[in-house]
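Undergrad: Could you look at this predicted model? Sequence included:
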Amino acid sequence: MRFGSPWFLLLSLVPLLLLLRWFRHRRAAPFYRIAFPALRFAKGMPPSAREGWHRLPQLLAVGGLALLVLGLARPQVPGKAEPTRVRSRNLMLVLDISSSMKASDFQPGNRLAVAKTVVQEFIHRRDGDLMGLVVFAGKAMLQAPLTSDADVLDRLVGQVEIGQLPDGTAIGSALALALNQLKNLQRNACAVVLITDGANNTGEPSPVQAAEAARALGIRIHSIGLSSADTGAVALNGVWSLRTLSGRLSHRDEVALKDIAARTGGQYYKATDPQALQDVISVVDPLERIEVEISETREYHELFPWLVGIGLAMVLTEALLRATWLRTLP
């Protein structure tokens, strides 16, 4: 049961106070009364039928008010839970934030800025999925645990910056951290999307060990390598930049990323510019989703009409009894 307007429950103090007042003064003589001569002669007479009901009006008044207050709070009982089949997947995004992601060959901004924008668009397209984010450089960090709140995840992606972790490329550590978030979930209902522009050069376990762990868990890893077709311009500061080959994925780096994906049944994609990255994400977006059956309560039944109706009937009955069969003087 739930309440649609729970604040009205504060009014329950009213019938409680009335009940307490009535209980404290139940034996006291009324302030205004009519004096009668002594009726000692009637002491031994049997009580009338009405005498046993003299407390009924008070009980009806308090009970009626209590039901009215409860009705105003709108108690609701769930209807029949209907089974619903949804197609969903648990996805962990693993994003490289090492210094090489400063390369400005992806415009506007740099590789990381473009990757963040594309990832944020990807997040809002994955309706019904649980998604999380791991960022890594020389170490890995869980930026966002699995959540269905796309707005929260979008905001956390926007807060990612180069330099918040020691420099390096710890791909294996990042994958292990992502797998730790997925290991207890339904087998074959999870995937990892790795976005990087380099090869592993630090941290434990190794990418191969992480990939084998993913295969054992039934988790696919899709790897995306960011690289320019030409030499990239790596920003040194706000004014100068340096043309260098270090910003380009080597053949060995690509082989390593392909191996990670292949071991888990995933795919490797190479993105050489912002549009290519967008196209790659569009390919990853319609990943197969497992059908899950859940019981979902779609409607609640209001008890408001019944409670208010019975409460009004009790209050009206109390007033009617006081005016007729159980009337008192004064």
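TA: Good, I have the coordinates. Numbering: from 1, shown residues only.
Undergrad: quick one, strands of the stretch 51-200 of the chain?
TA: Remark: strands assigned in the stretch 51-200 of the chain by DSSP state E, counting those that start in this stretch are 75-78, 82-88, 90-96, 130-136, 140-147, 190-196.
Undergrad: Worst mean pLDDT among those?
TA: Per-stretch mean pLDDT for the strands of the stretch 51-200 of the chain is lowest at strand 82-88 (a mean of 58).
Undergrad: what's the span of stretch 3-23 from first residue to last?
TA: Start and end residues of stretch 3-23 are separated by 30 Å (CA to CA, to the nearest Å).
Undergrad: Which positions in that stretch come out as buried?
TA: Residues of stretch 3-23 classed as buried: Phe8, Pro15, Leu19 (neighbour count, 16 or more other CB atoms under 10 Å). To be clear about C-beta, it is placed using only N, CA and C from the backbone, and glycine gets the same treatment.
Undergrad: tell me the most buried of the strands of the stretch 51-200 of the chain?
TA: Most buried of those, by mean neighbour count (mean count of other CB atoms under 10 Å): strand 190-196, with a mean of 26.
Undergrad: got the CA positions of it in CSV?
TA: C-alpha atoms of strand 190-196 as CSV (Å, rounded to 0.1, in the frame of the first residue of the first chain):
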residue,chain,number,x,y,z
CYS,A,190,26.5,-7.5,-20.2
ALA,A,191,29.1,-5.8,-22.4
VAL,A,192,32.1,-3.5,-22.1
VAL,A,193,32.9,-0.7,-24.6
LEU,A,194,36.5,0.3,-24.5
ILE,A,195,37.6,3.6,-26.0
THR,A,196,41.4,4.3,-26.1
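Undergrad: What helices and strands are in contact with that strand?
TA: For strand 190-196, the helices and strands in contact under the criterion 3 or more CB pairs under 8 Å, 6 or more residues apart in numbering; DSSP states H and E are strand 90-96, helix 171-182, strand 220-226, helix 251-264.
Undergrad: how about the ones you listed, which one is nearest Asp151?
TA: strand 90-96 (15.6 Å; CB to CB).
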